[in-house]
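Participant: I need the structure of the sequence given here:
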Amino acid sequence: MSSKLHFKNFIFIFTLALSFVVFQAAAQTPTPAPTVAPAPVKTVITGVVVDAADRDPIPYATVLFKGTQIITKTDADGKFVISTSEKHDQLMVTYVGYKAAFYTIKVGETQVINVRLQSESQSLTEVTIKSNKRPAYRNKNNPAVELIRKVIENKAKNQNTNYDHVQYEQYEQMLFSLSNLSDKFKNKRIFKNYQFLFQKQDSTKVGGKTILPIFLEEKVSDNYLQKSPEKKKQIFTGDKHVNYDAKFIDTKGLSKYFERMYADVNIYQSNISLMSNQFLSPIADVSPTFYKFFITDTIKTHVPNLIELSFIPRNNTDLLFEGKMYITMDGNYAVQDAYLTINKNTNINFVRTLEAKLDFEKNPDGRYHLSKTDLIVDFGINKNGGTGFTGERTVIVKNYQLNKPQPATIYEGLAVTTAPTAEAQSDQFWTAQRSADTTLKTNLKIYKNIDTLQTIPSFKRTADLLTLFFAGYKNFGPFEVGPVNTFYSFNSVEGLRLRLGGRTTPELSKRYYFETYGAYGLKDEKFKFFGSATYSINNKSIYAFPQDYIRASFQRDTKIPGQELQFVQEDNFLLSFKRGENNILLYNDYYKLDYKKEFESHFSYELTAQKWTQAPAGALVYQNTENNTINSVDQVTTSEVSLTLRYAPNEKFYQGKIYRVPIIDKDPIFTLNYTQGFKGVFDGQYNFQNVIGRIDKRVYLSQFGYSDVTLEGGYTFGKVPFPLMTIHRANQTYAYQLDSYNLMNFLEFVSDHYSSLYIDHHFNGFFFNKIPLIKKLKLRETISFKALYGGVRSENNPNNDPSLFRYPTNAAGQQTTYALGRTPYMEGSVGIGNIFKILRIDMVKRFNYLNNPGVSQYGLRALAKLDF
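Facilitator: Next up, the predicted model:
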């Protein structure tokens, strides 16, 4: 599986957002922009706050326009930026232990004010002689570190899992917008009649003064937790969201993607998952190793008294937060409020700003529970400004109740369910849910705006164009043509290969679906084609979850033995470029009947009946040595029935036009396949059984990154020739393939029993982040290791049975296909990722079986992917 966010994970965001951007270019004739009122003159102040005595920067000092609520904090380097369109002429700077400083400012101008704060205890007549060297920060004898250790020590009792029973209601709103839009963009001629799309907000807010909301979702749920035995249940009672045309945008997939990006922020967890990365919590057990802590204020007006504890990363490029939290001084050492953000140098792509505000309310027993979370992230290609995207997720908890046991029936079934009436709730229901926060109501017009927008012809044309570009299909209503990246490819057997195909859409029928393509090789002068008819049993799109369909198909086409691709088709033009000899191919005829059934639990099964006729092509020949003569075999036919079981708990994905792109998380995926071959049925030539099991798992290691781990094993029972054994996945392209052996040649190894291990580890820049200058490039380290143990039993060894096919040889008569010996095949790689934010390059080394013909010990491979 691909790591983090594969390039295709961005398809729907680009399709959706670029539709709005390109939409403005659809005007046929540019005209002068309409006259608008001049924008208010803005006062912008930048500067650095330092200690007047030693000139050391002061992090998290408070900077504000005197007498207002327009306020900001200095960053870890003491720097600040503050602005307003209002007329205020005094700047105030404060920090605990220092005297407040006041500066007169020039209204309506951009200016720099560097602030020197004097200590409260510093006498004007005092002369202090000391070293210019700043004392090193230490954990030992540090009251701030002693305080955070108290917080860590009391974490368990301050979480809701400490109670026997907890129940509460939860409202959440997710808003995603184009942001930081200029007046020039807004006043384009094409938007003249559509100003309703834009939304004004305070210019000091993240996202700028003008945004264009493009996605809104609201959910309401009832939540139940039980301590012993541990059980959780979430029942969604309300679900309201914008609805885009399914032929352009998978709205539910979009929701799942945002859910993964904007996960719940629980400061009591050791690691907090955001933007598909794990950030170390400032109250994790190991936080004093990675963070610096400072006591910055004491609040005695609150009961109980609070201590403001500020924190910054020791290394500002690591995946750590900076900010502050308020700790109760009542012996519980609970977090009463928290503000989390990230440093501008953090090794994360495209994120300009990330802010999380956590509010807690007191329980009857004096402890606290999280009552509100506001998470906002601003994205952009240019981190210094310009048009970008802003997403904000607000979560509100209410009716929090403790130790009220629920009947066992509450916890039956899936841990997360949706009530049948969730999407049919009344306006009165939603009005009541939003009453807890009046600001939530300002976004509601987007529901109507998006419905109106989708009726605009130019928007439809733009979305259609982008769908063609990113997903590869051109929609013609009931039929769509594609995928376009397969129209042209080439290989040494077929030569130039031309292909054209398409499929029907739900506009033709929600029950019946048809798909077809035709291809022709100019060198082999043979036609290839495919046709399928699918019946949807649940009357839903066969591409939508949960799938429930039956399909009949026929395919006559070529295939490279041992090439298995993920999220891309074999005749993709970019995969036409291969290393070494690439002159073996199979001509295949497949007659298939499939039945697939998915369940809400993400358990699925697929039953397939197949007749497969394969004929060797190019340099590949099938030969045996019966009767002491070399006999050529034109083709092999098998008749098979297979059953595939798959279980992927809590799986999330985006449903693309061709592939279901996984949104990878920590939960494992289990797959089991059983195939039975029948001799004498529909010309089948062999009796055999094949079993393959596989487990995929992402393992998070906090600050040390994460590993994608795959374990796989298989066994073929019965006497079969090598084409019916497992032909191990090889890769002769120059692209790094996560699920293949990148220095193995096609059809190099076959096995009738095997086990394998893949490990692909990402350090997320843990080491590069420590190297001066290099860390500014935000490069990331990767290592991988792949091992394959297998073999061929004596009964399937062609050296022991002349009726079995001989292993293939090359033009020089050298054997090119082998069974593995006692030593497993091994290869590994070290790589550098995030080059130009899109490229990963690996140096791959093959450790053994180096005497096989045509192999390389080393190779450079590249992988393009967009990661946060």
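
Participant: now stretch 171-178: mean pLDDT?
Facilitator: On average, the pLDDT along stretch 171-178 is 93.

Participant: ah, wrong one, I meant stretch 621-638
Facilitator: Mean predicted confidence for stretch 621-638 is 93.

Participant: what's the span of that stretch from first residue to last?
Facilitator: This stretch, stretch 621-638, spans 18 Å end to end (CA to CA, to the nearest Å).

Participant: from what I can see residue 855 touches residue 742, true?
Facilitator: No. If you go by CB atoms under 8 Å, residue 855 and residue 742 don't touch, sitting 11.7 Å apart. All C-beta atoms are positioned from the backbone trio N, CA, C, and that covers glycine.

Participant: out of the two, which sits in the busier spot?
Facilitator: Counted by other CB atoms under 10 Å, residue 855 and residue 742 do not tie: residue 742 has more neighbours, with 23 against 16.

Participant: how about the more buried one, what does it touch?
Facilitator: 731, 736, 827, 829, 842, 844, 859, 861 (CB atoms under 8 Å, 6 or more residues apart in numbering).

Participant: Got the phi and psi for the first one?
Facilitator: Geometry field for residue 731 lists phi and psi as phi -140, psi 110, criterion degrees, to the nearest 10.

Participant: Pretty sure it sits against residue 745.
Facilitator: No. Shown here, residue 731 and residue 745 do not form a contact pair, counting by CB under 8 Å, at 9.1 Å.

Participant: between these two, which one's more packed in?
Facilitator: Set side by side, residue 731 and residue 745 show more neighbours around residue 731, with 27 against 23, by other CB under 10 Å.

Participant: how about the nearest residue to that one, chain neighbours excluded?
Facilitator: Leaving aside its sequence neighbours, residue 731 sits nearest to residue 740 (CB to CB, 6 or more residues apart in numbering; 4.1 Å).

Participant: Could you do residue 256 as well?
Facilitator: residue 652 (4.2 Å).

Participant: For burial, what's the neighbour tally of that neighbour?
Facilitator: 17.

Participant: is it true that it touches residue 666?
Facilitator: No. Using CB under 8 Å, residue 652 is not in contact with residue 666, being 11.5 Å away.

Participant: Which helix runs longest in this structure?
Facilitator: The residue-count maximum for a helix in the chain (DSSP state H) belongs to helix 457-471.

Participant: what residues are up against residue 450?
Facilitator: 214, 242-244.

Participant: and which of those residues is nearest to residue 274?
Facilitator: Nearest to residue 274, judged by CB to CB, of these is residue 214 at 20.8 Å.

Participant: The closest one and residue 449: what is the separation?
Facilitator: Remark: distance between residue 214 and residue 449 (CB to CB, to the nearest Å) = 9 Å.

Participant: Between those two, tell me which one has more neighbours.
Facilitator: residue 214 (24 against 20).

Participant: so that one makes contact with residue 177?
Facilitator: Yes. Counting by CB under 8 Å, residue 177 is a contact partner of residue 214 at 6.2 Å.

Participant: Just grab the bridge partners of residue 277 for me.
Facilitator: residue 274 (DSSP bridges).

Participant: what's around it, how many residues?
Facilitator: Residue 277, neighbours per other CB under 10 Å, totals 22.

Participant: Tell me the pLDDT of it.
Facilitator: At residue 277, pLDDT is 89.

Participant: and it, what is it in contact with?
Facilitator: Applying CB under 8 Å, 6+ apart, the residues contacting residue 277 are 4, 319, 348, 764, 868.

Participant: wait, is the fourth one part of a strand?
Facilitator: No. The assignment for residue 764 is coil, going by DSSP: H, G, I helix; E, B strand; the rest coil, so no strand is present there.

Participant: Count residues in the vicinity of the residue nearest to residue 702 when sequence neighbours are not counted, would you?
Facilitator: Distances taken as CB to CB, 6+ apart put residue 271 closest to residue 702, at 5.4 Å, once the chain neighbours are dropped. With neighbours defined by other CB under 10 Å, the count for residue 271 comes to 17.

Participant: Report the separation between residue 271 and residue 278.
Facilitator: Remark: distance between residue 271 and residue 278 (CB to CB) = 4 Å.

Participant: which residues are in contact with both of the two?
Facilitator: With CB under 8 Å, 6+ apart, residue 271 and residue 278 have common neighbours 700, 702.

Participant: buried sites along stretch 62-81?
Facilitator: Within stretch 62-81, the residues that qualify as buried are 62-65, 70, 72-78, 80, counting by 16 or more other CB atoms under 10 Å.

Participant: in the stretch 301-450 of the chain, which ranges drop under the pLDDT threshold?
Facilitator: Screening the stretch 301-450 of the chain residue by residue with the criterion pLDDT under 70, one finds no matching range.

Participant: Ok, the chain next?
Facilitator: For the chain (pLDDT under 70), the answer is 1-40, 76, 96-97, 120-135, 193, 202-204, 562-577, 656-659.

Participant: hey, what's the residue lying closest to residue 356 once chain neighbours are set aside bridged with?
Facilitator: Leaving aside its sequence neighbours, residue 356 sits nearest to residue 340 (CB to CB, 6+ apart; 4.3 Å). Residue 340 has these beta-bridge partners by DSSP bridges: residue 323, residue 356.

Participant: ok, now how distant is residue 340 from residue 320?
Facilitator: Relative to residue 320, and taking CB to CB, residue 340 is found at 10 Å.

Participant: What lies in contact with stretch 287-301?
Facilitator: Taking CB under 8 Å, 6+ apart as the rule, stretch 287-301 contacts 59-60, 95-96, 137, 139, 142-145, 147-149, 152, 280-282, 305-315, 318, 320, 324, 326, 703.

Participant: 7 Å - rerun?
Facilitator: By CB atoms under 7 Å, 6 or more residues apart in numbering, the residues outside stretch 287-301 that reach it are 60, 96, 137, 139, 143-145, 147-149, 280-282, 305-314, 318, 320, 324, 703.

Participant: Check which residues of it are buried.
Facilitator: 287-288, 290-297.

Participant: Kindly check the end-to-end length of that stretch for me.
Facilitator: End-to-end distance (CA to CA), stretch 287-301: 29 Å.

Participant: how about the helices of the stretch 651-800 of the chain, start to end?
Facilitator: When assigned using DSSP state H, counting those that start in this stretch, the stretch 651-800 of the chain turns out to have no helices.

Participant: repeat for the chain
Facilitator: 11-23, 143-153, 183-186, 251-261, 287-290, 427-433, 446-453, 457-471.

Participant: who's in contact with the second one?
Facilitator: Counting contacts by CB under 7 Å, 6+ apart, the residues outside helix 143-153 that touch it are 139, 283, 285, 287-288, 293-295, 307, 309, 327, 333.

Participant: now that helix: how far from the chain's centre is it?
Facilitator: 34 Å (CA atoms, centre = their mean, to the nearest Å).

Participant: begin at 191 from here
Facilitator: Yes, from this point I'll number from 191; that puts the last item at helix 333-343.

Participant: tell me which residues in that helix are buried?
Facilitator: 334-335, 337-339, 341-342.

Participant: then it to CSV, C-alphas only?
Facilitator: Extracted as CSV, the C-alpha positions of helix 333-343 are listed here (Å, rounded to 0.1, in the frame of the first residue of the first chain):
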residue,chain,number,x,y,z
PRO,A,333,9.6,23.9,37.8
ALA,A,334,7.9,23.9,34.4
VAL,A,335,9.2,20.3,33.8
GLU,A,336,8.2,19.3,37.3
LEU,A,337,4.7,20.6,36.6
ILE,A,338,4.4,18.7,33.3
ARG,A,339,5.5,15.5,35.0
LYS,A,340,2.7,16.0,37.5
VAL,A,341,0.3,16.3,34.6
ILE,A,342,1.6,13.2,33.0
GLU,A,343,1.4,11.3,36.3
